[in-house]
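Asks: All I have is the shape, not the residue letters:
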């Protein structure tokens, strides 16, 4: 019942609408897609050399040019974004 109430309610609806609008603004109209540095959109079926080229460019620059595009929209804290949502500590805690 709790799940159906959530799914039929409006909680999170605004955030999802904003995320969908952002995807539309950057040209994502289907999945799977990868969004790298908040600006480079790569088709999920892209060849591995496409990803290697992108990551080598980032490596040569020595820094990431952009950041996550959904953090603020979805209410993900900067702390989670900086440390990642699946840190080794989180995985260790889950396994214990």
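Replies: Perfect, I can see it now. What you see is a predicted model, and the numbers here were worked out from it, not measured in a lab.

Asks: Measure how buried residue 5 is and give me the count.
Replies: Look at residue 5: counted by other CB atoms under 10 Å, it has 9 neighbours. Where you see a C-beta, it was placed from the backbone N, CA and C, and this is true even at glycine.

Asks: In which helix or strand does it reside?
Replies: In the assignment (DSSP states H and E), residue 5 maps to helix 2-8.

Asks: next one: residue 63
Replies: Per DSSP H and E, there is no helix or strand for residue 63.

Asks: Can you check what pLDDT the model gives it?
Replies: pLDDT recorded at residue 63 is 86.

Asks: Same question for the one 4 residues further on.
Replies: You'll see residue 67 listed with a pLDDT of 77.

Asks: picking that back up, tell me the mean pLDDT over the helix holding residue 5?
Replies: The model assigns helix 2-8 a mean pLDDT of 78.

Asks: For this protein, which residues score under the pLDDT cut-off?
Replies: For the chain, the stretches with pLDDT under 70 are 1, 84-88, 90-91, 94.

Asks: quick one, helices of it?
Replies: For the chain, applying DSSP state H gives helices covering 2-8, 13-25, 48-61, 71-74, 78-83, 88-95.

Asks: what's around residue 45, how many residues?
Replies: Residues lying near residue 45 (other CB under 10 Å) number 8.

Asks: can you pull the contacts of it?
Replies: Shown in contact with residue 45 (CB atoms under 8 Å, 6 or more residues apart in numbering): residue 32.
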